[in-house]
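In: Could you look at this predicted model? Sequence included:
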Amino acid sequence: MATPAEHMWNEFVEKNNITKGNFQTRWFGQQDQPDEIDRLNDLILHGQKRSTSKPLAYYAAEQEAVPQVGDYYVLLNGEMKPVAIIQTVVSELIPFLRVSAEHAYNEGEGDLSLEDWRTRSSKKFTELMSNYDSKFSEDDPIVTEVFKVVHSEG
């Protein structure tokens, strides 16, 4: 029996005649903070949040693949139920201090400025990397990703 995420994916593939590709499940925010996941999903589903970023060292620590252009993800809500499918359209490795104002704006959080993004992201990345007994530096490379919603339940 297919999981709800597999069911959503299978319907999407059939409707759009996709012959290649598979998906992973994904959510934005910490899994133990479902309200934050739902808040971020609302930003994504309303078109305000179109990008994200994480330190490259995070992917190595998690042994997780860096998002690649064309990758599909079934987006999960705070209850870990599927709400949409997103696709990566840009994936770049950029030094933290070279992340653009456009990328910061497209992350859709805070006041949308580069200065605010740097302040929030430096704090967030420092906390994130401390989970792996690693320090974050503003010289570190960051994976910046732009995605689009290709299917949603609503």
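Out: That came through, no problem.

In: partners of the longest strand seen in the chain, with directions?
Out: If you go by DSSP state E, the chain has its longest strand at strand 82-95. Next to strand 82-95 in the sheet, as set by DSSP bridges, lie strand 72-76 (antiparallel), strand 141-152 (antiparallel).

In: what sits against Leu114?
Out: 99-101, 104-105 (Cβ atoms under 8 Å, 6 or more residues apart in numbering). Where you see a C-beta, it was placed from the backbone N, CA and C, and this is true even at glycine.

In: scratch that, Ser134 is what I was asking about
Out: 57, 61 are the contacts of Ser134 under Cβ under 8 Å, 6+ apart.

In: switch the cut-off to 10 Å
Out: 55, 57-58, 60-61, 126, 128, 140 (Cβ atoms under 10 Å, 6 or more residues apart in numbering).

In: Next, give phi and psi for it.
Out: For Ser134, the backbone dihedrals are phi -130, psi 150 (criterion: degrees, to the nearest 10).

In: Gly70 too?
Out: phi 100, psi -10.

In: looking at it, it is touching Gly21, isn't it?
Out: Yes. Counting by Cβ atoms under 10 Å, Gly21 is a contact partner of Gly70 at 7.2 Å.

In: Need the contacts of Leu114 in a markdown table (columns: distance to Met80).
Out: Below are the contacts of Leu114 laid out as a markdown table (distance: Cβ to Cβ, whole Å):
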| residue | distance to Met80 |
| --- | --- |
| Val99 | 30 |
| Ser100 | 32 |
| Ala101 | 34 |
| Ala104 | 29 |
| Tyr105 | 29 |
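
In: you'd agree Val143 is up against Glu62?
Out: No. Val143 is beyond contact range of Glu62, at 11.8 Å (criterion: Cβ under 10 Å).

In: Those two: which is more packed in?
Out: Taking neighbours as other Cβ atoms under 10 Å, Val143 and Glu62 compare with Val143 leading, 18 against 11.

In: Give the bridge partners for that one, please.
Out: Lys54, Leu93.

In: Next, work out how far apart the closest residue in space to Thr126 that isn't next to it in sequence and His46 are.
Out: Spatial nearest neighbour of Thr126, excluding adjacent residues (Cβ to Cβ, 6 or more residues apart in numbering): Phe136 at 4.6 Å. Counting by Cβ to Cβ, to the nearest Å, the separation of Phe136 from His46 is 30 Å.

In: Give me the more crowded residue out of the two.
Out: Taking other Cβ under 10 Å, Phe136 and His46 do not tie; Phe136 has more neighbours (22 against 10).
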